[in-house]
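> Can you look at this prediction? I've put the sequence above it.
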Amino acid sequence: MGLFLVVPLFGPPAAGKTTLTMVLGAESGRRVFRLREHVPQEVLLATATDSRHLGWIDEQTVELALRDYCRGVSDDPNAHTVLLDNFPGAANQVGQLLSVVAQVEPRCHVEAIELLTDAKTLKQRAQHRKVCHRCERDPISDPRLPVIPRADDPWACSRCDGLLHPRRGDSPRLLRARLQRYQNAASGIRTGFTEAGITVTQLDTTSTIDGSANLLAPLLISRSAVK
Ligand SMILES: [Zn+2]
């Protein structure tokens, strides 16, 4: 089938990137790339323990992971679209992404989406969201995927009944650092896309994340049908 469409989704922490990519990525033909799922455990461990480099993964590792993934999708007869959850995370990663896409499939369309959410909502969402260590076996015990709590117990996983935990990066201190980092990086990311002739579609997820998925769905369908 080949790779037709790449959709980088970026935005502040707790804006709904993972939820959106989970909803939209469930459609057939679509795959979701989450960088940390494709880097060696020792690299993840290093980023988790060094507070200055929180979540920072070196350029070479990023490029390798991204290229292997896009090649894999390009060779997959059942796939045509890659959604990038929380990537690019910095201006230099825009260039990396575009060069990888150009190498793998020069005719591939890139549709950049930035999620916007007001600061109060981000903090509230981060306070409430939970993860499940049993449903998501993270290599460094730092699960990220949002889960649904049981209706009668906000701390029980609706899928496995296990005890839910707050996400490690959502602690007030780390959330502040992550927000700050995003704010520092955002304009460079936008500029990177704009200079490459790619429009960044901004989507406000303050009131609802599901509503944003409904807004994005037709856009993705129209883009992947172009070719
Ligand atoms: Zn669970």
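In hand now; what should we look at? Numbering: from 1, shown residues only.

> ok, which stretches of the protein are helices?
17-25, 41-49, 59-75, 91-104, 119-128, 172-195, 209-224 (DSSP state H).

> who in this protein is up against the ion?
Contact residues, the chain versus the ion (Cβ under 5 Å from the ion): 132, 134, 135, 157, 159, 160, 162. Where C-beta positions appear, they are placed from N, C-alpha and C, glycine not excepted.

> for the helices of the chain, which one sits closest to residue 202?
Closest of the helices of the chain to residue 202 is helix 172-195, at 9.0 Å (criterion: Cβ to Cβ).

> Show me what the closest one is packed against.
Counting contacts by 3 or more Cβ pairs under 8 Å, 6 or more residues apart in numbering; DSSP states H and E, helix 172-195 packs against strand 5-10, helix 91-104, strand 112-116, helix 119-128, strand 200-204.

> For residue 180, the count of nearby residues, please.
Per other Cβ atoms under 10 Å, the neighbour tally for residue 180 reads 11.

> Show which residue of this structure lies farthest from the average position.
What lies farthest from the middle of the chain is residue 152; by Cα atoms, centre = their mean that is 29.9 Å.

> Ranking helices and strands of this protein by mean pLDDT, which lands last?
One helix or strand of the chain scores below all others by mean pLDDT, DSSP states H and E: helix 41-49, with a mean of 80.

> hey, which of the helices of the chain is tucked in deepest?
Ranked by mean neighbour count under mean count of other Cβ atoms under 10 Å, the helices of the chain are led by helix 17-25, which reaches a mean of 20.

> tell me the angle that helix makes with strand 200-204.
Our comparison of helix 17-25 with strand 200-204, counting by axes from the mean of the first three to the mean of the last three Cα atoms, to 10 degrees, yields an angle of 110 degrees.

> Which strands and helices lie in contact with helix 17-25?
Using 3+ Cβ pairs under 8 Å, 6+ apart: helix 17-25 touches strand 5-10, strand 30-33, strand 81-85, helix 209-224.

> The shortest one pairs with which strands, and in what direction?
Same thing as strand 30-33. strand 81-85 (parallel) (DSSP bridges).

> Give me the residues contacting the partner strand.
The list of residues contacting strand 81-85 from outside it, by Cβ atoms under 8 Å, 6 or more residues apart in numbering, reads 3-9, 17-18, 21, 24-25, 29-34, 69-70, 73, 97, 220, 224.

> same question, stretch 160-179
Applying Cβ under 8 Å, 6+ apart, the contact partners of stretch 160-179 are 12-14, 51, 54-55, 119, 122-123, 126-127, 129-135, 142-144, 147, 149-150, 154-157.

> ok so, going back, output the helices and strands packed on helix 17-25 as TSV; include the columns mean pLDDT and distance to residue 190.
Putting the helices and strands packed on helix 17-25 into TSV (pLDDT from 0 to 100; distance: least, Cβ to Cβ, whole Å) gives the following:
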stretch	mean pLDDT	distance to residue 190
strand 5-10	97	9
strand 30-33	97	20
strand 81-85	97	15
helix 209-224	87	18
